[in-house]
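**Q** need the 3D shape of this:
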Amino acid sequence: MLPWLVLALLVAVNALYVAAEFAAVAVQKGDVAAQARLGNRRAIGLSAVLEDGAQLDRYIAACQIGITLSSLVAGAYGQATIALQLGPVLERLHDLSPAAAQSTASVVVLLGLTTVQVVLGELIPKSLALQFPQEVALATSHPMRWSVALFRGFIRVLNGSGFLLLRPFGVTPGGHAHVHSPDEIKFLLAESRRGGTLSPEAHQRLARGLELQARTVRQMMPARGDVYAIDASTPPADVVRRILESPYSYLPVYRGTLDRVIGAVSTKDVVGLVAAGRELPPLDKLVRSIPFVPGTTRSHALVRLLQQQKSSKAIVIDEHGGMLGIISIDDVLGELFGEIGDELKQPDPPASTEPADPSGAPPATPAGPEVT
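**A** From the prediction side, this is the model:
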């Protein structure tokens, strides 16, 4: 029984290295880092490996050396033990010559070991590692740490030789870093949806998020004709009316034309003065600053600017300084989640045959951009 036990052990060692290699490639660094923050010692060591490309190279190299050595030793040991015992048996059963019987035994043992090695030592551990990457990676972290120390000399020689051969092709050490291109991430998301781990809505939001980074402010903003703005010279009485008609909480303020925006007025400021019974000052006295961004600004740069300026909106300008439109953080979020209305914007009223008030007058509609 000793030869069979030794072969079983060698197949198990091969399976360990296969599982460790695939788990290290498939595991999410964030999941391991979260376990590390909770004090998991295995996760702390594994997280350090995953964060360092050079360490990860050595980790993968140790797996490959372990797989190769265990396979070679299993084949040689099987030929030296099982094949030698099987030769005489085949010679007696099938009336073969000693040389023919030994050759047949060698082929039978080779095919048998290959089958067992592929199924038990390769396919099953690979499937488990891909199905449960975090659990397998943590379970194999200690054996792999010992293996990296044991194979250190081999790793240095083999990795060094490999990098020398790959240097003319521009390949540098640390190439096992967990980096995926946007196209690869889209493929992973699509596979996750097909596998049932992502709902169609979640998949759509994540896919939109990937595409959002390439979109410019000009592509996301409403058209200039949809901008609801107010002239700085508007009389106070008309300001109140325009504010009440406005579906927005902030209105751009311009002088003369929309190409000369001087800031924005908050409906809260105007309503607060009216409620306090105070007289409205000229509109330009109530103006708050508002950021200006070129139409070519990317979405992520816009969000960063709005955060820095502590603003929810920005005026979009062209290369000549003319106004293209207005962009808000709601427009960016709308790219991900659909339309998000302003906090003061009322939904469109349902169609009705009854008059809006006792006098029979139809309900007022918001005015368009006031350009003089």
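**Q** average pLDDT for the helix or strand that contains Lys268, rounded please.
**A** Following DSSP states H and E, one finds Lys268 within helix 267-275. Taken as a whole, helix 267-275 has a mean pLDDT of 82.
**Q** what's it packed up against?
**A** The contact analysis (3 or more CB pairs under 8 Å, 6 or more residues apart in numbering; DSSP states H and E) places helix 267-275 against helix 236-245. (C-beta placed from N, C-alpha, C; glycine too.)
**Q** next secondary structure after the helix it packs on?
**A** The element immediately downstream of helix 236-245 (helix or strand, assigned by DSSP H and E) is strand 250-254.
**Q** report the backbone C-alpha coordinates of the helix holding Lys268 in PDB.
**A** In PDB, the C-alpha atoms belonging to helix 267-275 read as follows (Å, rounded to 0.1, in the frame of the first residue of the first chain):
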ATOM      1  CA  THR A 267     -34.900  80.600  -4.300                       C
ATOM      2  CA  LYS A 268     -34.500  80.000  -0.600                       C
ATOM      3  CA  ASP A 269     -32.800  83.400  -0.200                       C
ATOM      4  CA  VAL A 270     -35.600  85.200  -2.100                       C
ATOM      5  CA  VAL A 271     -38.400  83.400  -0.300                       C
ATOM      6  CA  GLY A 272     -36.700  84.100   3.100                       C
ATOM      7  CA  LEU A 273     -36.700  87.800   2.400                       C
ATOM      8  CA  VAL A 274     -40.300  87.900   1.300                       C
ATOM      9  CA  ALA A 275     -41.400  85.800   4.200                       C
END
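**Q** just the buried residues of it, please?
**A** Residues of helix 267-275 classed as buried under the neighbour-count rule (16 or more other CB atoms under 10 Å) are 267, 270, 273-274.
**Q** which stretches of the stretch 151-300 of the chain have low pLDDT?
**A** Low-confidence regions of the stretch 151-300 of the chain, defined by pLDDT under 70, span residues 170-184.
**Q** now do the phi/psi pair for the nearest residue to Ile82 once chain neighbours are set aside.
**A** Closest residue to Ile82 in three dimensions, ignoring its sequence neighbours and counting by CB to CB, 6 or more residues apart in numbering: Val109, at 5.1 Å. Per-residue torsions, Val109: phi -70, psi -40 (degrees, to the nearest 10).
**Q** roughly how far apart are Val109 and Leu93?
**A** According to CB to CB, to the nearest Å, Val109 and Leu93 sit 16 Å apart.
**Q** the more surrounded of the two?
**A** When Val109 and Leu93 are compared on other CB atoms under 10 Å, the one with more neighbours turns out to be Val109, at 22 against 9.
**Q** closest to the centroid, which residue in the protein?
**A** Note on the chain: the residue nearest the mean C-alpha position is Ile185, at 6.6 Å, using CA atoms, centre = their mean.
**Q** assign a three-state SS to it, would you?
**A** Secondary structure, DSSP: H, G, I helix; E, B strand; the rest coil: Ile185 is helix.
**Q** any idea how many residues pack against the closest residue in space to it that isn't next to it in sequence?
**A** Ranked by CB to CB, 6+ apart and with sequence neighbours excluded, the top spatial neighbour of Ile185 is Leu210, at 6.1 Å. Residue neighbour count, defined by other CB under 10 Å, stands at 13 for Leu210.
**Q** and Leu210, what element?
**A** When elements are defined using DSSP H and E, Leu210 is found to belong to helix 200-212.
**Q** just how off-centre is that helix within its chain?
**A** In terms of CA atoms, centre = their mean, to the nearest Å, the gap separating the centre of helix 200-212 from the centre of its chain is 10 Å.
**Q** returning to that earlier point: list the contacts of the residue nearest to Ile82.
**A** The contact partners of Val109, by CB atoms under 8 Å, 6 or more residues apart in numbering, come to 78-79, 82-83, 86.
**Q** narrow those residues to those in helices?
**A** When DSSP state H defines the helices, the subset of the contacts of Val109 inside them is 78-79, 82-83, 86.
**Q** and the residues you listed, which are buried?
**A** Under a neighbour-count criterion of 16+ other CB under 10 Å, the subset of the ones in helices among the contacts of Val109 counted as buried comprises 78-79, 82-83, 86.
**Q** returning to that earlier point: from Phe337, how far off is the residue nearest to Ile82?
**A** Here the distance between Val109 and Phe337 works out to 62 Å (CB to CB).
**Q** got it, and Ala223?
**A** Note on Ala223: its distance to Phe337, by CB to CB, is 21 Å.
**Q** what's in contact with the helix holding Lys268?
**A** 239-240, 243, 246, 248-251, 279-280, 286, 288, 344.
**Q** for PyMOL, write the select line for the buried members of the residues you listed.
**A** To isolate the buried subset of the contacts of helix 267-275 in PyMOL, counting by 16+ other CB under 10 Å, use the following:
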select buried, resi 239+240+243+246+248+249+250+251+280+286
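**Q** which among the contacts of helix 267-275 gets closest to Leu38?
**A** Relative to Leu38, the closest of those is Ser249; by CB to CB it sits at 42.8 Å.
**Q** circling back: is it possible to export the ones in helices among the contacts of Val109 to a markdown table including distance to Leu198 and pLDDT?
**A** Shown next, in a markdown table, are the ones in helices among the contacts of Val109 (distance: CB to CB, whole Å; pLDDT from 0 to 100):
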| residue | distance to Leu198 | pLDDT |
| --- | --- | --- |
| Gly78 | 46 | 88 |
| Gln79 | 49 | 87 |
| Ile82 | 49 | 86 |
| Ala83 | 51 | 84 |
| Leu86 | 52 | 84 |
